[in-house]
Structures are given as structure tokens and as C-alpha cells.
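> One predicted model, sequence on top.
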Amino acid sequence: MEGKSLFATGLIILLLLAGAAAFAPLLAPHNPTEQNLEKDLFPPSRAHLFGTDKLGRDILGRVLYGARISLLVGLSTVAISCFLGVVLGSLSGYFGGWTDHLIMRLIDVLLAFPGILLAIAFTAVLGPSLRHVVLALCLIGWTGYARLVRGEILALREREFVHAAEALGGTPARIVCRHMVPNLLQPLLIQATFGMAGAILAEGSLSFLGLGVQPPTPSWGAMLSEGRQFLLVAPHLTAFPGLAIMLTILGLNLVGDGLRDRLEKRGK
């Protein structure tokens, strides 16, 4: 029961986050990019529930619009990484031989580098932008999916339904896509929840360093970077975007843990 309640809590957090991002124009009380220097560093009040930043911009509106950036980066990174991981992991696990050796050695090389440092180097070379952030995170993000898919494909190759499909003349592409990949949906979904949490956290780190989304577009990481010099006089500048990141990662981790527990119980 406890596991189900934690899963439900995480799901509620994610649904609220998705709703806030989708309806940000309706929920935001002020334009997130509108500057009003007469109201700079205002504390939370009735007019500005989360206060204002050094340029007088409404923090609540910027947090709501920042959710769009985080979700976009998380979903895009997971979708691209999962696709690449499924394709390369399936090739590696099904065909084996030199194909398996080549793909696994490539994964070993990429995993030898710290992921965030590789992303920093990539975005520093190409320039800071949302597209480059997604590409940088996908550069190493696909490796986890590929290793997971490879291991599952190796196990499924010995199952009777795969041998039956091969005996009936099924092509490798048909066998993998129609008979094997559907059996990987649950572990891939669990991997995707944790991968999305990591992508959102990495995007926040890159934006904090100035390598992510550029001003005036709201981003939680950039908001943390802008507010660090006012920690003592205006802690609300970092408190609210930091809380948004924490709740998002918490929700994704709770959902991922709940899915994993359910899969383990079904396996037993």
C-alpha cells in the first residue's frame, strides 16, 4: 500500500507540473519577461506571490514558463535517447558478433567520460541553445537504453516464440520490432522516468553555467544562477526555482520506483 501511495503522489506531482506548463499563459499573473526596475527584488506579496527578481520580473510567471523548458528538454532527450538506444541495443543483442563488439566498445568509450563534463564541452563548442542542450544530453543518454535493450534481447532470443518466428521465416527486423520490443516496454518506461529526471537536472546545471537557454527565456537553472548573488538579501530568487526542480525530480523518482516495484512483483 505504501508503494502505491508513493507512486500516486509522484504521479500527482507530475500531472500538476504538466498542467502548470500547459496552462502557464493562463496561470502566470504577469508577463515573465516584462521588466519593472521600480519593483526589483520585491519579497513575496499579494501582487507577486513568489516575489520579483533584480529586473522586477515576476518569479511565479518565470517558474511556470520555466517548467515548459524543463519538460521539453526532458521529453525530447528521453525520446531521442530511447529511440537510439532501442535501435542500437537491438542490433547489438540480436546479431552479436562484430556488431555487438563495435556498439559495446562505443558505449564503453562514452561512459568513460563524466556525462555532465561531456555535455558542457559539447555545448561550449556548438554554442549555448536549447537544441544544443538536447543534443548534448542525447550524446551519452542513449547508452543506458542500449545496454538495457541488449541484455533483454539476449534473453528473449532463447525464448520459444522467437524460435517459432524464425522458423516461420520472419525477418530480423520483423522479429525484433513485433515480437521482442513490445516485451521491453515496461523496463524502458522505468528507465525513461529516471532518464527524464537526469535530463532535467542536467539541463538545470547547464543553464546555471550559462550554456543552456539564453535570456530572457525563463529557465530554472538560469534563475538559480541569477539569484545566487542575492542569497542573503533575496533568498526567494533561488528558493522557488530550486523547489520546482526538487519537486519535479522527486515526482519522477517516485513514479519510477513505483513502476519498478510493480514490475518486480509481476516477475515474481
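Here it is on my side, so go on.
> so where is the stretch 151-268 of the chain shaky, pLDDT-wise?
Low-confidence segments of the stretch 151-268 of the chain (pLDDT under 70): 264-268.
> just the helices in it please.
Ranges of helices in the stretch 151-268 of the chain, per DSSP state H, counting those that start in this stretch, are 160-167, 172-174, 185-208, 220-227, 236-267.
> Return the set of buried residues in the longest one.
It refers to helix 236-267. Buried residues in helix 236-267, counted by 16 or more other Cβ atoms under 10 Å: 236-242, 244-245, 248-249, 251-252, 254-261. C-betas here are computed from N, CA, C, even on glycine.
> follow-up on the earlier one: which stretch among the helices of the stretch 151-268 of the chain comes nearest residue 11?
Nearest of the helices of the stretch 151-268 of the chain to residue 11, taken as Cβ to Cβ: helix 236-267 at 5.8 Å.
> Which strands and helices lie in contact with that closest one?
With contacts taken as 3 or more Cβ pairs under 8 Å, 6 or more residues apart in numbering; DSSP states H and E, helix 236-267 sits against helix 2-22, helix 59-95, helix 185-208, helix 220-227.
> winner for burial among these?
Across these, the average number of neighbours (mean count of other Cβ atoms under 10 Å) peaks for helix 220-227, which reaches a mean of 23.
> Output that one as CSV - backbone C-alpha positions only.
The C-alpha trace of helix 220-227 is given here as CSV (Å, rounded to 0.1, in the frame of the first residue of the first chain):
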residue,chain,number,x,y,z
TRP,A,220,15.0,27.2,-13.6
GLY,A,221,18.8,26.7,-13.8
ALA,A,222,19.3,30.3,-15.1
MET,A,223,17.1,31.6,-12.4
LEU,A,224,19.3,29.9,-9.8
SER,A,225,22.4,31.4,-11.3
GLU,A,226,20.9,34.9,-11.4
GLY,A,227,19.7,34.6,-7.8
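> any idea how far that helix is from the chain center?
In terms of Cα atoms, centre = their mean, to the nearest Å, the centre of helix 220-227 is found 18 Å from the chain centre.
> Please apply the same query to stretch 212-221.
Centroid separation for stretch 212-221 versus its chain: 17 Å, with Cα atoms, centre = their mean.
> does the residue nearest to residue 209 when sequence neighbours are not counted belong to a helix or a strand, and which?
Distances taken as Cβ to Cβ, 6 or more residues apart in numbering place residue 120 nearest to residue 209, at 6.8 Å, with adjacent residues excluded. Residue 120 is part of helix 115-126, with elements assigned from DSSP states H and E.
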